[in-house]
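Novice: sequence and predicted structure are below.
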Amino acid sequence: MNNDFTKSIFIVGNTLEYVLFETAINSAKAGLPVWYISIVPFNKIPDNIDIPGKEVLNLITFIYLKDYHCLISHLNGIHLWRKTPRVILIDRFDLYSNINEENYNPLCGALISTSILDASSSISKKTNENIFLIVACSTQNIVSKRTSILKNLYFPKTFIHSTDSETLKVINDFIIK
């Protein structure tokens, strides 16, 4: 599923909003168009974020998709995309996949993962450039087996969030080398 131009990483941890927002800004500062996909709209900019200039903000597209049906539909509409991203940030994968719930269906998590990777692969083939996919998941300890299956099957790189600065370094090293 990952081709030579699609690079993906699965980040597990709580309170990743600051890290993902800062990643979007750093990627845009490097000239990379960014899609920030989230199920929950921002109420405010996270603390400690310096708001960049207009030219940087123009490279970041915030996409709010209310559930996994909307996410899958959006990803499957790749032929309709006018602006293609080089960096795709998926926040709150746990809410899209229902991974923390008793009624979790592993097929839903697999469908979302394959759709995200297929869309990224299609973009990389179309643009002949690296596409960076960062999928963030907040989890509880009781579901670590669920996330480990997804990580092992779909994401060659994984990282467990400990501190914001450490996670930012890992992601920045992953994208901007």
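Specialist: Looks like it arrived, so ask away.
Novice: so where is the protein shaky, pLDDT-wise?
Specialist: Low-confidence segments of the chain (pLDDT under 70): 1-4, 140-143, 177.
Novice: mind naming the longest helix for it?
Specialist: When the chain is scanned for its longest helix (criterion: DSSP state H), the result is helix 106-127.
Novice: only alpha carbons, please: show stretch 148-160 as CSV.
Specialist: Extracted as CSV, the C-alpha positions of stretch 148-160 are listed here (Å, rounded to 0.1, in the frame of the first residue of the first chain):
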residue,chain,number,x,y,z
SER,A,148,-1.1,-2.3,17.4
ILE,A,149,-2.9,-4.3,14.8
LEU,A,150,-3.6,-1.2,12.7
LYS,A,151,0.0,0.0,13.2
ASN,A,152,1.5,-3.4,12.2
LEU,A,153,-0.7,-3.8,9.1
TYR,A,154,-0.8,-0.3,7.7
PHE,A,155,1.8,2.1,9.1
PRO,A,156,5.5,1.2,8.8
LYS,A,157,6.4,4.0,11.3
THR,A,158,4.8,4.5,14.6
PHE,A,159,5.5,6.8,17.5
ILE,A,160,4.1,7.0,21.0
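Novice: which of the residues in it are buried?
Specialist: 150-151, 154-155, 158-159 (16 or more other C-beta atoms under 10 Å). Using the backbone N, CA and C atoms, a C-beta is placed for each residue, glycine as well.
Novice: for the longest helix of the chain, packing partners?
Specialist: Counting contacts by 3 or more C-beta pairs under 8 Å, 6 or more residues apart in numbering; DSSP states H and E, helix 106-127 packs against strand 6-12, helix 68-76, strand 87-90, helix 93-97, strand 131-137, helix 144-154.
Novice: that concludes my questions; thank you for your assistance.
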